[in-house]
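Enquirer: Sequence and predicted model, in that order:
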Amino acid sequence: MYLRAIDAAVLSGDTRHASVLAEEAYRRFASHPDHATAAVIHQRAGYLRGLHTVGAGGPLMEKALELFELCPPSAEHAEALLRYARTFLLGACGRREDHRAALTRALEIAEAAGATGVIPRILARIPPRCAGSRRCPVDVRPISPRAGGRRGGPG
């Protein structure tokens, strides 16, 4: 029930309330003997800590990922890697290569788990390897609506 309440609060935009629920769940279930249960609890608490204080949730997210590695592939594991990549590796730390590696691993896990709902969101976040490079064989600049559908930016 905690997970549903946490997710509902996040979806409603009330991340402060979600954080309170996640911390309570963490106090009660972080040491749960089922690795998957403990992993999900660590993931929610870590993600929400990181939203409110940059870097604060990193250790919990990393512990969640360690716990997930002890379990069969799952949508929750893929989702945890997606959030970790976006929120901590890229958002808080700017570690682009690690971000890409985590997303690639998330995709592998999602495919192995048959988690088709997570796969498109992961694919949408994986940057082209050459983004930002002048020698990129693909034009990765955004399409500008004001340019009549042409690629925006210099080049």
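Expert: Yep, that arrived. Residues are numbered from 1 along each chain as shown.
Enquirer: Show me the chain divided up by domain.
Expert: Residue ranges of the domains in the chain are recorded as 1-71, 73-129, according to automatic domain parsing.
Enquirer: For the longest one, measure first residue to last.
Expert: This points to domain 1-71. Length of domain 1-71, first residue to last, Cα to Cα, to the nearest Å: 21 Å.
Enquirer: Measure how far that domain is from the centre of its chain, please.
Expert: The chain centroid and the centroid of domain 1-71 are separated by 12 Å, computed with Cα atoms, centre = their mean, to the nearest Å.
Enquirer: picking that back up, could you export the domains of the chain to CSV, including columns for mean neighbour count and mean pLDDT?
Expert: C-betas here are computed from N, CA, C, even on glycine. Below are these laid out as CSV (neighbours: other Cβ atoms under 10 Å; pLDDT from 0 to 100):
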stretch, mean neighbour count, mean pLDDT
domain 1-71, 17, 92
domain 73-129, 18, 89
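Enquirer: Spatially central residue (nearest the centroid) of this structure, please.
Expert: The centre of the chain sits closest to R83, judged by Cα atoms, centre = their mean, with a distance of 1.2 Å.
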